[in-house]
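[1] mind folding the following:
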Amino acid sequence: MSALDDDAYRSFRRDLHRHPEPAWREFYTTARIVEELRERDLTELYVGPDALATDDRMNVPDDEELAEWEQRARDAGADPEIVDRLSGGYTGCVAVAERGPGPVVGLRVDIDALPITESANDDHVPAAEGFRSEREGYMHACGHDAHATIGLGALDAVLDSDFSGTLKVFFQPGEEQVAGGKPMAESGHLDDVDYLYAVHVGLDHPSGEVVCGVDGFLAVRHFLAEFEGEPSHAGARPEQGRNAVQAMAAAVQNLYAIPRHADGPTRVNAGLVGGGTATNVVPEESYIEGELRGATTELADYMSDHADRILESAAGMHDCEVEVSTKGEAPSATSDDALAGIVGQVAGDVAGVTEIVDSADLGGSEDATYLMRSVQKRGGLACYVGVGTDHPGGHHTSTFDVVEGDIAIGIDVLAGAIRKVAETRP
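    So this is what the prediction gives:
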């Protein structure tokens, strides 16, 4: 792939779009990215376990599921040597290009997909043009295929410039489950990063619009509560059972009763619940998969403390036990004005940009916040950039897509901001 070749980037994005993979199963995706990166003049390329703090991974699938996705990647033509390196679900990579004296600038892009069946309608561009998902039940419904392409393109543009400093591009797995940000943030590869940009397409901003600094990240925790009781015959011996569904139901009701907080918005959602085996058996097992959010990390902690107490109390009320585990989490974060200002400066000179927005709220959660806070904690600056695109369906829907021409805008804006921040060192 030659640098700054729009057709090649489009082809790369469509290849990723055809092969969507969820968290820790991004074997084909990572392999394709690594194949391309090996063609670049890099100083270092850290792949899989070398790109992550492996002990900090969350919500990793079991070995059987990982093996199935690994084999799918091989069958689809992924480089077997690279897939071997990723075995066990150690996906993602970090590209490093040292280009003389200057600051260390990072760019974070995410690469995972969602468990959503992609539209097959004729008016859905990927279906009409032959790059609809080949992994039925999964699709790139949030633009991470475009993000990976922007990461590759921005790297190419910087390498093709007079940039002086070091660029690190973080191709991060597992964002949709807020499970990959922490292990990448704790990997050590951010320890010397002075400035970090992250990017997202769409976010309900139209094509031509660039948001210089996204804020309003809700801190989040995904949890699994597994209740255990004792089965018995529901008609003949109901008193001998310990009803796990009753415990679960009491927990759900009281989770939604957590008091709101004066310091800002909070959220709770019991998104998946279930339990029991038959209508005539007192259920011995049940579960809740849910999430807790807050406008700040402190507010999310407030929600978590209350939720853990409620889950334990609901189990105890019905003489059951509960095991609560965290499946994913991310803190809140704020974009630094100095870096957002640089985005605004360069975006005005990028072809296709029609409107520049200084700041906007995300209104959701993102584990790029782990990387942002890691850099900021060490005295650096971080910023989350929005690149508008006219997506026909909302994020996380079967008709989501991006205007492919907007990928070039993302490349030019991010590459320009990276070059500019190295020159100005705000």
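
[2] got the buried residues for stretch 11-26?
    12-26 (16 or more other C-beta atoms under 10 Å). Just so you know, the C-beta spots here come from the backbone N, C-alpha and C atoms, and that holds for glycine as well.

[3] actually, stretch 115-132.
    For stretch 115-132, by 16+ other C-beta under 10 Å, it's 116, 118-119, 124-127, 131-132.

[4] can you list the neighbours in contact with stretch 301-317?
    By C-beta atoms under 8 Å, 6 or more residues apart in numbering, the surrounding residues in contact with stretch 301-317 are 219, 221, 223, 225, 227, 247-248, 250-251, 254-255, 258-259, 261, 266-268, 288, 290, 292-294, 321-322, 324.

[5] next one: it to chain centre, how far?
    Centroid separation between stretch 301-317 and its chain, computed with C-alpha atoms, centre = their mean, to the nearest Å, is 27 Å.

[6] I'd like the average pLDDT over that stretch.
    Stretch 301-317 shows a mean pLDDT of 98.

[7] what's the answer for stretch 93-105, then?
    98.

[8] where in this protein is pLDDT low?
    Scanning the chain with the threshold set as pLDDT under 70 gives 1-4.

[9] the helices in it, which residues?
    For the chain, helices defined by DSSP state H occupy the ranges 6-18, 27-37, 63-75, 80-86, 125-128, 144-159, 181-185, 244-255, 297-317, 337-347, 368-377, 405-424.

[10] can you lay out these as JSON lines showing distance to residue 48?
    Below are the helices of the chain laid out as JSON lines (distance: least, C-beta to C-beta, whole Å):
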{"stretch": "helix 6-18", "distance to residue 48": "18"}
{"stretch": "helix 27-37", "distance to residue 48": "7"}
{"stretch": "helix 63-75", "distance to residue 48": "12"}
{"stretch": "helix 80-86", "distance to residue 48": "4"}
{"stretch": "helix 125-128", "distance to residue 48": "28"}
{"stretch": "helix 144-159", "distance to residue 48": "16"}
{"stretch": "helix 181-185", "distance to residue 48": "11"}
{"stretch": "helix 244-255", "distance to residue 48": "37"}
{"stretch": "helix 297-317", "distance to residue 48": "29"}
{"stretch": "helix 337-347", "distance to residue 48": "29"}
{"stretch": "helix 368-377", "distance to residue 48": "18"}
{"stretch": "helix 405-424", "distance to residue 48": "24"}
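
[11] from those, which stretch is densest packed?
    helix 181-185 (a mean of 27; mean count of other C-beta atoms under 10 Å).

[12] residues in contact with it?
    So helix 181-185 is contacted by 51-58, 92, 94, 108, 170, 172-175, 190, 329-330, 366-371, 373-374 (C-beta under 8 Å, 6+ apart).

[13] which of the residues you listed fall in strands?
    Taking DSSP state E, the ones among the contacts of helix 181-185 that sit in strands are 94, 108, 170, 172, 329-330.

[14] re earlier: nearest to residue 279, out of the helices of the chain?
    helix 244-255 (11.6 Å; C-beta to C-beta).

[15] show me the contacts for the residue nearest to the spatial centre of the chain.
    In the chain, the residue lying closest to the centroid (C-alpha atoms, centre = their mean) is residue 175, at 1.6 Å. Listed by C-beta under 8 Å, 6+ apart, the contact set of residue 175 reads 23, 110, 112, 144, 181, 366-368.

[16] count the neighbours of the residue nearest to it when sequence neighbours are not counted for me.
    Setting aside the residues directly before and after it, residue 175 is nearest to residue 110 in space (C-beta to C-beta, 6 or more residues apart in numbering), at 3.8 Å. Residue 110 sits with 29 neighbouring residues when counted by other C-beta atoms under 10 Å.

[17] what's the separation between residue 110 and residue 236?
    54 Å (C-beta to C-beta, to the nearest Å).

[18] and what of residue 180?
    Counting by C-beta to C-beta - residue 180 and residue 236 are separated by 50 Å.

[19] more neighbours, these two?
    Using other C-beta under 10 Å as the criterion, residue 180 and residue 236 rank with residue 180 on top: 32 against 8.

[20] sorry, back to before: quick check, nearest of the contacts of residue 175 to residue 70?
    Nearest member of these to residue 70, counting by C-beta to C-beta, is residue 23, at 14.2 Å.

[21] do I have it right that that closest one meets residue 174?
    Yes - here residue 23 reaches residue 174: they are 3.7 Å apart, a contact under C-beta atoms under 8 Å.

[22] any residues in contact with both of these two?
    What both residue 23 and residue 174 touch, as defined by C-beta under 8 Å, 6+ apart, is the set 59, 112, 180.

[23] just put those residues in JSON lines and tack on distance to residue 413.
    Output for the shared contacts of residue 23 and residue 174, formatted as JSON lines (distance: C-beta to C-beta, whole Å):
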{"residue": "59", "distance to residue 413": "32"}
{"residue": "112", "distance to residue 413": "23"}
{"residue": "180", "distance to residue 413": "24"}
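
[24] wouldn't residue 21 be in contact with residue 29 here?
    Yes - counting by C-beta under 8 Å, residue 21 touches residue 29, with 5.4 Å between them.
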